[in-house]
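> Make a model of this:
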Amino acid sequence: MALPTSDALPLATVLTDSVKLLWALGDRVRHGIVRELASGEALNVQTLALRLKEDPDLISKHLRVLREAGVILRVRPPDTDGRQQFHEVPAGTLRTLPDGR
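Numbers count the residues shown, from 1 in each chain. Down below sits the predicted model:
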């Protein structure tokens, strides 16, 4: 890792953010949530719980960790009434690998 220049973030900030990110993605359930959201579709707790075969309360707790780490965002899709919370991966966060994954 290169040392930060004057216009870059301080190294301690970069390392702290990296550790938060790795910790957030290091859990099996949280990794599954991100994989589901990687499709680009905003999903709610109930849909994620069904797809991952986990309890909705557990999914909610993991979503909070992912939000706090900046991995996902809470959104309100236009065709919803606002009573349910939907989540998505921020645009531009994911990239396609050369093999198409």
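> could you pull out the helices for this structure?
According to DSSP state H, the chain carries its helices in the segments 11-25, 28-37, 45-52, 56-68.
> For Asp79, which of the ones you listed is the nearest?
Checking the helices of the chain against Asp79 by C-beta to C-beta gives helix 45-52 as the closest, at 14.3 Å. Where you see a C-beta, it was placed from the backbone N, CA and C, and this is true even at glycine.
> still on that earlier bit, so can I have JSON lines of the helices of the chain showing mean neighbour count?
Formatted as JSON lines, these follow (neighbours: other C-beta atoms under 10 Å):
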{"stretch": "helix 11-25", "mean neighbour count": "13"}
{"stretch": "helix 28-37", "mean neighbour count": "18"}
{"stretch": "helix 45-52", "mean neighbour count": "16"}
{"stretch": "helix 56-68", "mean neighbour count": "16"}
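> need those helices in CSV with distance to Arg83 and mean pLDDT, can you?
Listed next are these as CSV, based on distance: least, C-beta to C-beta, whole Å; pLDDT from 0 to 100:
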stretch, distance to Arg83, mean pLDDT
helix 11-25, 27, 66
helix 28-37, 20, 93
helix 45-52, 12, 97
helix 56-68, 15, 94
